[in-house]
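Student: coords please:
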Amino acid sequence: MMNFLVKTIANAGALGVAVWLLDKITLTGDSTGKEIGTLLLVALLFGLVNFLVKPLVKLLSLPLLILTLGLFTLVVNALMLLLTSWLADQLDLSFHVEGFWTAVLGGLIISVVSWALNVVLPDGD
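Tutor: Below you'll find the predicted structure:
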């Protein structure tokens, strides 16, 4: 349970950095508290998408992953971020990613920041 909480906080921090750095990834709210709540919900949604959908997409795109020496992972990460944005819109959460290239850059930022936060934060096992 602690590991799940740490990963969710790391995802929320990484999403927050992407929102802060990129103008085309937006998170709106009436107050800072609502924005943090929305960010945590989007982080849970992003974690769920990465847990359920990403392995299937990576398996189906295995030939492209091998052919591009793993660089196609950037495209897979971008698609997961766009799917999260679409699901957030369906759930009436105020999180939006505008465009594929923004999603590629956002996915790269989220991956790097999430990795760094997972190194720093306790494991909880």
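
Student: Please identify the buried residues of the worst-scoring helix or strand of the chain on mean pLDDT?
Tutor: Here the helix or strand of the chain ranked lowest by mean pLDDT, DSSP states H and E is helix 2-21, holding a mean of 89. Counting neighbours by 16 or more other CB atoms under 10 Å, one finds that the buried residues in helix 2-21 are 6, 7, 10, 11, 12, 13, 14, 15, 16, 17, 18, 19. To be clear about C-beta, it is placed using only N, CA and C from the backbone, and glycine gets the same treatment.

Student: Out of the residues you listed, flag the one nearest to residue 47.
Tutor: Closest approach between the buried residues of helix 2-21 and residue 47, by CB to CB: residue 11, at 5.5 Å.

Student: I figured the closest one hits residue 47, correct?
Tutor: Yes - the pair residue 11 and residue 47 qualifies as a contact (CB atoms under 8 Å) at a distance of 5.5 Å.

Student: ok, back up a step: quick check: of the buried residues of helix 2-21, which lies closest to residue 93?
Tutor: Nearest to residue 93, judged by CB to CB, of the buried residues of helix 2-21 is residue 15 at 11.6 Å.

Student: Which residue is the nearest non-sequential neighbour of residue 106?
Tutor: Spatial nearest neighbour of residue 106, chain neighbours left out: residue 18 (4.5 Å); criterion: CB to CB, 6 or more residues apart in numbering.

Student: go on, residue 8?
Tutor: In this structure, residue 8 finds its nearest non-sequential neighbour in residue 43, 5.3 Å apart by CB to CB, 6+ apart.

Student: give me the element that neighbour is part of.
Tutor: Element membership of residue 43, judged by DSSP states H and E, is helix 32-52.

Student: packing partners for the next helix or strand after that helix?
Tutor: For helix 32-52, the succeeding helix or strand toward the C-terminus, using DSSP H and E, is helix 54-60. Under the contact criterion of 3 or more CB pairs under 8 Å, 6 or more residues apart in numbering; DSSP states H and E, helix 54-60 touches helix 72-90.
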